[in-house]
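Undergrad: Fold the following, please.
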Amino acid sequence: MTSESVSPWAGARPAPWRLWAGATSTGAAVILTVVALGSTSRTLFRGSAVLSALLLLGAYGVAKPWFVARSDTLHRVITFVPMTAYVVALGLVVVAAASFLPGQPVVAGLALVMIWCFHVGGGVREPTSFAYERLRGRLTWTAALQVAAMCCGTVGIVCLIRVLPVPGRYTPAVFATCLSVVVGLVVASAKVFARVRKLATELDARAQKLERCLDRLSRGSVSERGRRRDAAEDAWDELNRTLSNKVETGFHLYGTFIIPPGTRSSLETLVTEAITNPGAPPYRDAVAQLNLLRTACRPKIDTMA
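TA: Residues are numbered from 1 along each chain as shown. Okay, here's the model as predicted:
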C-alpha cells in the first residue's frame, strides 16, 4: 500500500447503504439534468439544475466514507473513472462529427478540431494517486490519446480545407495540401510512439544506474563514501532531468509528466536522505520506488528507438 492510499477510515468499514444512497442520488441527478435540458420552462430548468447540484453534493458526502475505506485496487479503478469517461466522451464526439459527413463538413471539421484544442488545453488530468502503479498504463494511453487527438485535428483541418471556396484550377493544389497534412500526421504519430519507447529505455537505464550507486554507497567503506556519494548525486541528477519530461510531447505547455511533480519531489527527498545517510531506511524506500519505476518501463524498452 502506498502512502497516498492510506486513510484514517481504513480501520472502519462504512455500511454498504452509503454506496446505494450515493448511486441513487447520482441517478436522480442525471434524470433531473435530462429533464432540465429538455424543458422549455426557465423555472423548471432552474429548479431541476439546483436540485441536481444538491443531489450530487449529497451523493458525494454520503458515498465518500465508503469510497475511502475501499482497497487499493478499487481505489485505482474508481479514481480512473473520469479518464475513462473522457475517452468515451471523445469517442461520442467523433461519432457525432462523422454523422455530419458528407453533408456538413464544416460542422464536422470544427467538432474534430475542437477535440484537438481541448486535448492541447489540458483535457482531463489523470489522478495523482498510485503514480508508480499507473506508470505502465500512462506510457501507453498518453501516447494513444495524443495520436487520437492529432488524428481528429488533422481530419478536421482536411474537412475545412476541402470546403474552401477556391477556383477549380487550384483543386490539385488543395488535394496536395490535404495529402501533405495526412503524411505529416503519420510521421508525427510514429515519432510520438518512438518518443515513449526511448523515454522508457532512458528511465530504466538511469534508474538502474542510481540504484547501483546507492547500493555501492551503502556497502562501501567510509573512506570511499565521498567518491561514491558524488557518483550517486550525478546519477540522481540524470534521472531527475529525465523525469522532468512529458510523456507524449516535448512541449511543456501541455502534456503528462512521467510521474506527478509531487511524487517526483518525494522521490528526490528519499534519494537525498539515502545519499546523506547510506544504508538508512530511506535507502530501502528509494530503491523500492526505483524498482517500481523500472518495472513499469520494462515493457516499453527499445534500445533501437
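Undergrad: Only alpha carbons, please: show stretch 188-198 as CSV.
TA: The C-alpha atoms that make up stretch 188-198 are tabulated as CSV, following Å, rounded to 0.1, in the frame of the first residue of the first chain:
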residue,chain,number,x,y,z
ALA,A,188,4.2,12.7,-36.1
SER,A,189,2.3,9.7,-34.8
ALA,A,190,5.3,7.5,-35.3
LYS,A,191,7.5,10.0,-33.5
VAL,A,192,5.1,10.0,-30.5
PHE,A,193,5.4,6.3,-30.0
ALA,A,194,9.1,6.3,-30.7
ARG,A,195,9.5,9.0,-28.0
VAL,A,196,7.7,6.9,-25.4
ARG,A,197,9.9,3.9,-26.1
LYS,A,198,13.1,6.0,-25.9
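Undergrad: Distance from it to the middle of the chain?
TA: 16 Å (CA atoms, centre = their mean, to the nearest Å).
Undergrad: What residues of it count as buried?
TA: Neighbour-count burial for stretch 188-198 flags S189, V192, F193, R195, V196, R197, K198 (criterion: 16 or more other CB atoms under 10 Å). For glycine as for every other residue, the C-beta is placed from the backbone atoms N, C-alpha and C.
Undergrad: got a list of what the third one touches?
TA: Going by CB atoms under 8 Å, 6 or more residues apart in numbering, F193 touches A143, V147.
Undergrad: State the mean pLDDT of stretch 42-62.
TA: Regarding stretch 42-62, the rounded mean pLDDT is 76.
Undergrad: The most centrally placed residue in the chain in helix, strand or coil?
TA: Geometric centre of the chain, nearest residue: E126, 4.1 Å, by CA atoms, centre = their mean. Following DSSP: H, G, I helix; E, B strand; the rest coil, E126 is assigned to coil.
Undergrad: thought it was touching M83?
TA: Yes: E126 lies in contact with M83 (CB atoms under 8 Å); the separation is 5.8 Å.
Undergrad: Name the residues of the helix or strand G47 falls within that come out as buried.
TA: Per DSSP states H and E, G47 falls inside helix 42-68. For helix 42-68, burial by neighbour count (16+ other CB under 10 Å) applies to S48, A49, L51, S52, L55, L56, G58, A59, V62, A63, W66, F67.
Undergrad: List the contacts of the closest residue to F100 other than its chain neighbours.
TA: Excluding the flanking residues, the one nearest F100 by CB to CB, 6 or more residues apart in numbering is A108, at 4.1 Å. For A108, the contact set (CB under 8 Å, 6+ apart) comprises A97, A98, F100, L101, G156, C159.
Undergrad: Helix or strand: which one has the residue nearest to the fourth one when sequence neighbours are not counted?
TA: In other words, L101. Nearest non-adjacent residue to L101, counting by CB to CB, 6+ apart: A108, 5.0 Å away. Secondary structure from DSSP H and E places A108 in helix 105-120.
Undergrad: Can you list the buried residues in that helix?
TA: Judged by neighbour count (16+ other CB under 10 Å), helix 105-120 contains these buried residues: 105, 108-116, 118-120.
Undergrad: what's the distance between that helix and the middle of its chain?
TA: Relative to its chain's centre, helix 105-120 lies at 21 Å (CA atoms, centre = their mean).
Undergrad: Show me what the helix or strand that that helix is followed by is packed up against.
TA: For helix 105-120, the succeeding helix or strand toward the C-terminus, using DSSP H and E, is helix 135-162. Judged by 3 or more CB pairs under 8 Å, 6 or more residues apart in numbering; DSSP states H and E, helix 135-162 is in contact with helix 81-99, helix 105-120, helix 171-219, helix 281-297.
Undergrad: returning to that earlier point: dump the buried residues of stretch 188-198 to TSV, plus distance to V35 and pLDDT.
TA: Listed next are the buried residues of stretch 188-198 as TSV, based on distance: CB to CB, whole Å; pLDDT from 0 to 100:
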residue	distance to V35	pLDDT
S189	43	92
V192	43	93
F193	45	94
R195	47	94
V196	45	94
R197	49	94
K198	52	94
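Undergrad: low pLDDT regions in the stretch 1-150 of the chain?
TA: 1-15, 37, 39-40, 64, 66-80, 123-124 (pLDDT under 70).
Undergrad: Spit out the contact partners of the residue nearest to the centre of the chain.
TA: The contact partners of E126, by CB under 8 Å, 6+ apart, come to F80, M83, R134, R138, T256.
Undergrad: Could you grab the helix/strand/coil label for the residue located most distally from the centre of the chain?
TA: In the chain, the residue that sits farthest from the middle, by CA atoms, centre = their mean, is R169; the gap is 46.0 Å. Under the three-state scheme (three-state DSSP), R169 adopts helix.
Undergrad: Now for E233: which residues touch it?
TA: E233 makes contacts with I275, as judged by CB under 8 Å, 6+ apart.
Undergrad: now do 10 Å
TA: Going by CB atoms under 10 Å, 6 or more residues apart in numbering, E233 touches L210, C213, L217, V271, T272, I275.
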